[in-house]
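Engineer: Below are the sequence and a predicted model; questions follow.
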Amino acid sequence: MQLMIQTFHKYSGKDGDKYTLSKVELKDMLTQELGNYLGHAQDKDAVDKVMCDLDSNQDGEVDFTEFVILVGALTVACNDFFLEYHQEDGKKGN
């Protein structure tokens, strides 16, 4: 939890409000922290889509509560991937 909070605040406040991520800060965070998972984060349309999906109050920024939704969605996606990987791996062993 501490790492998640530190990561958010590492990028928030560089461009405006220190308690939110602007689109530029979000792109920087996605590229630097999640580049291995989100290979297309460099794509402007992809960043715009993530921003739109996360910005539930439509204020043009992502606050910490909205950021947690991203972390949760990525956690579920990674878990699903690993479950499928292990199921496929188990089938090979039979």
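Structural biologist: Nice, I can see it.

Engineer: what comes up buried for the lengthiest helix in the chain?
Structural biologist: Counting by DSSP state H, the longest helix found in the chain is helix 64-93. By 16 or more other CB atoms under 10 Å, the buried positions in helix 64-93 come out as 66-67, 70. Where C-beta positions appear, they are placed from N, C-alpha and C, glycine not excepted.

Engineer: which outside residues touch stretch 49-62?
Structural biologist: With CB atoms under 8 Å, 6 or more residues apart in numbering as the test, stretch 49-62 has contacts from 16-17, 20-23, 26, 30, 41, 63, 66-67, 69-70.

Engineer: Wait, residue 27 touches residue 47, no?
Structural biologist: Yes - between residue 27 and residue 47 a contact is recorded at 4.6 Å, counting by CB atoms under 8 Å.

Engineer: So, low pLDDT: which residues of the chain?
Structural biologist: 36-43, 89-94 (pLDDT under 70).

Engineer: change it to 50
Structural biologist: 93-94 (pLDDT under 50).

Engineer: Grab the nearest non-local neighbour of the most centrally placed residue in it.
Structural biologist: Ranked by distance to the mean C-alpha position of the chain (CA atoms, centre = their mean), the top residue is residue 70 at 4.6 Å. Sequence neighbours aside, residue 54 is the residue nearest to residue 70 in space, at 5.7 Å (criterion: CB to CB, 6 or more residues apart in numbering).
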